[in-house]
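Colleague: Sequence below, structure please.
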Amino acid sequence: MAAHGAPGADLQEVLERLLAVARPLPAETVSVWEAAGRIVATRLRAPVAVPRISRAAMDGVVCHDGDVRGAAEGRPVTLKITGTSVMGEPPGPGPARGEAWTITTGAPIPRRGDRVLPLEAVRTDGAAIYVERSVPRKRHVAGPGEDIQPGDVLASPGEPIPPAAAGAMAASGVGAVSVHRRPHVALVATGNELVELTAGDPPPPPGCIVNSNAVMLAGELAAAGCAVDYRGILPDRPRELARAFAAMRNRYDVVLSTGGVSVGRHDLVHRTWLDLGARRYAGRVELKPGGPFFAARAGRTWAIGLSGTPVACLAAFHLLVRPVLRRLAGARFAVRPVELLALDGGWPLATDRFRAVWGRLDAERGGRTVHALTNSSLGRLTLLTAADALVLLPAGTPPLAPGSPVAVLRLDRPEDRESLRLPASTPGPLVIGVLGASGSGKTAVVAGLITRFTARGLRVNAVKHAAHGFQIDRPQSDSARMLDAGAARVVLAGPSETTVRIAGEMALSSLLRGPARGGGPAAPDLVLVEGFGAAGHPVIQVGSPKPDADSGEPWMTIPAVTALSDAALETTLDRIAARIVTLLPRVPARG
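Modeller: This next block holds a predicted model:
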């Protein structure tokens, strides 16, 4: 029975469905000259050592260590030069005792002689050398296998072959390697309004637009490791579409088209493929932009349709199509990194459905902050040229304050995971949970971090979960330690009551009437919550988790405080603070 993608289907579910069906293409054997970038089909180990013989690591003379070991100032050793060893020749017999051969770097060590003296360690006079000081302990001989040992793994299944690995194969005498066949993709544009770009032509007439999607996608397909055939523009006419698609079915691994996949009268791509007997796996996706989408199998060919709007076309390509292409190419990992980064500038609107916002990583902050490209004074395609990330905002995401953590698909990184898993975007401030079993030292970690960030001028609030209740005026309580460390507010959350402890004195008028309009406390930069592991927030695991804990994979894991020395604890807290800094959009310079 066909698996149908319902209108507005969940993006992650659609991708999971497609990746479950996509299978790596068969293997083929290619020359190492063509291997770089291809995906390995079978594990490849080095058959021999590289180099296969011992070589000189320096220019100098090769001799016997026993002849020169006793050389010293005032007790020189004289050796007669009787031969030479050079690159490109097999090892010779070598010097007898009391003799030396000249040798060049990389030349084979002859059968006699067990060390190389660098030129600067000897004095040459005609056919003799003089060793007039103690010789270095290092023998300057590179043994067999210094570059590659027999059995070293040169290529692993599902991994792309870097150029250096192709070079290692050649060095090992491996002239060919088994790789998965590259996806052969037919690229098609549909639409009566499209015209081709031709150098020197005048602008298209009113109502027509240049087919820029094909140019853009051809580059993306090549970057994804595909062999691309551009098949031109097809008009929105059923018979012509059917004739063209039927001719490409079973000839290509993928037919990728743009336009004609929405619900209008002239959107014929998906209907045409279904009439040709294609089995549909995905239809419209809950994605803005990029919701119009179609994916099916017709024989051995994948039929994939994207929106004709460039920004929507490219967003869906990165999120849905490129992972499928990488899986067909045999790659072990199909999805690029998704990281929780700080959103510079915030996001003003609540999202009613899944949004993909083009973004630019902040290189000055090590790529740990992302800026949403929404400048209305620039065209959408102009903004697109600056993008190197997609900010992913799930449906229901509220307006986000500057610095809010958001899920970001890194378009500047290669694939490193098998599926798309999105941490939830959250409104600012940055909230970090600190988890661990009772007695692990969670409060010590929270207090230590508060001290470090308040010293940098940041405003920090803290929350203490008191599952068994609390006594507000108990000296040296956990909440008191957090206040003493510099927290502006500490919330004590117990089973029957909640209390807020505020640092400093409040005016009586504020206590009686509440703070004046606009005069409330400043929003914190950071909130540290002891015992909090909600999905989407970074979590620091201190020691072992509680037996019933289920907070997912922690952002950081450190030993229990009791297992650390004072110095080790301070170093660990410095390391945690340094990582938190990368998530904060505003970090004042140290005074």
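Colleague: where in the stretch 451-591 of the chain is pLDDT low?
Modeller: Residues of the stretch 451-591 of the chain that meet the criterion pLDDT under 70 lie in 466-475, 494, 496, 504-522, 532-537, 547-552, 585-591.
Colleague: For Leu373, give me its contacts.
Modeller: Going by C-beta atoms under 8 Å, 6 or more residues apart in numbering, Leu373 touches Val357, Trp358, Gly359, Arg360, Leu383, Leu384, Ala386, Ala387. Any C-beta I mention is one placed from the backbone N, CA and C, and that applies to glycine too.
Colleague: For those residues, work out which two are farthest apart.
Modeller: Maximum pairwise distance among these (C-beta to C-beta): 12.9 Å, between Val357 and Ala386.
Colleague: which one of those two has more residues nearby?
Modeller: Set side by side, Val357 and Ala386 show more neighbours around Val357, with 22 against 13, by other C-beta atoms under 10 Å.
Colleague: so the more buried one bridges to which residues?
Modeller: Val391 (DSSP bridges).
Colleague: I'd like the numbering to begin with 193 instead of 1 from here.
Modeller: Will do, 193 is the new start, and the previous item becomes Val549.
Colleague: Quick check, it in contact with Leu576.
Modeller: No: assessed by C-beta atoms under 8 Å, Val549 is found out of contact with Leu576, at 11.5 Å.
Colleague: show me the contacts for the closest residue in space to Pro515 that isn't next to it in sequence.
Modeller: Using C-beta to C-beta, 6 or more residues apart in numbering and skipping the chain neighbours, the partner closest in space to Pro515 is Ala526 (4.1 Å). Neighbouring residues of Ala526 by C-beta under 8 Å, 6+ apart: Leu211, Pro515, Val516, Arg518, Arg519, Glu607, Arg609, Glu610, Ser611.
Colleague: how near is Ala526 to Val455?
Modeller: Applying C-beta to C-beta, to the nearest Å, the value for Ala526 to Val455 is 29 Å.
Colleague: And Val446, by the same measure?
Modeller: Note on Val446: its distance to Val455, by C-beta to C-beta, is 24 Å.
Colleague: Which one's more surrounded, those two?
Modeller: Of the pair Val446 and Val455, Val446 is the one with more neighbours under other C-beta under 10 Å, namely 23 against 9.
Colleague: Tell me the confidence at that one?
Modeller: Looking at Val446, its pLDDT stands at 98.
Colleague: same question, Ser449
Modeller: 97.
Colleague: Surely it and Ile496 touch.
Modeller: Yes: counting by C-beta under 8 Å, Ser449 does reach Ile496; the two are 7.4 Å apart.
Colleague: These two: which has the busier surroundings?
Modeller: Higher neighbour count among Ser449 and Ile496: Ser449, with 31 against 27, using other C-beta under 10 Å.
Colleague: From the contact counts, what lies against whichever strand or helix holds that one?
Modeller: Under the criterion of DSSP states H and E, Ser449 resides in strand 446-450. Counting contacts by 3 or more C-beta pairs under 8 Å, 6 or more residues apart in numbering; DSSP states H and E, strand 446-450 is packed against strand 376-382, helix 404-415, strand 493-498, helix 514-520.
Colleague: which residues are in contact with the lengthiest helix in the chain?
Modeller: In the chain, assigned by DSSP state H, the helix with the most residues is helix 758-773. Contact with helix 758-773 is made by 622, 624, 636-637, 640-641, 644-645, 718, 730, 732, 748, 750-751, 753, 756, 779, as judged by C-beta under 8 Å, 6+ apart.
Colleague: Buried ones among the residues you listed?
Modeller: 622, 624, 636-637, 640-641, 644-645, 718, 730, 732, 748, 750, 753, 756, 779 (16 or more other C-beta atoms under 10 Å).
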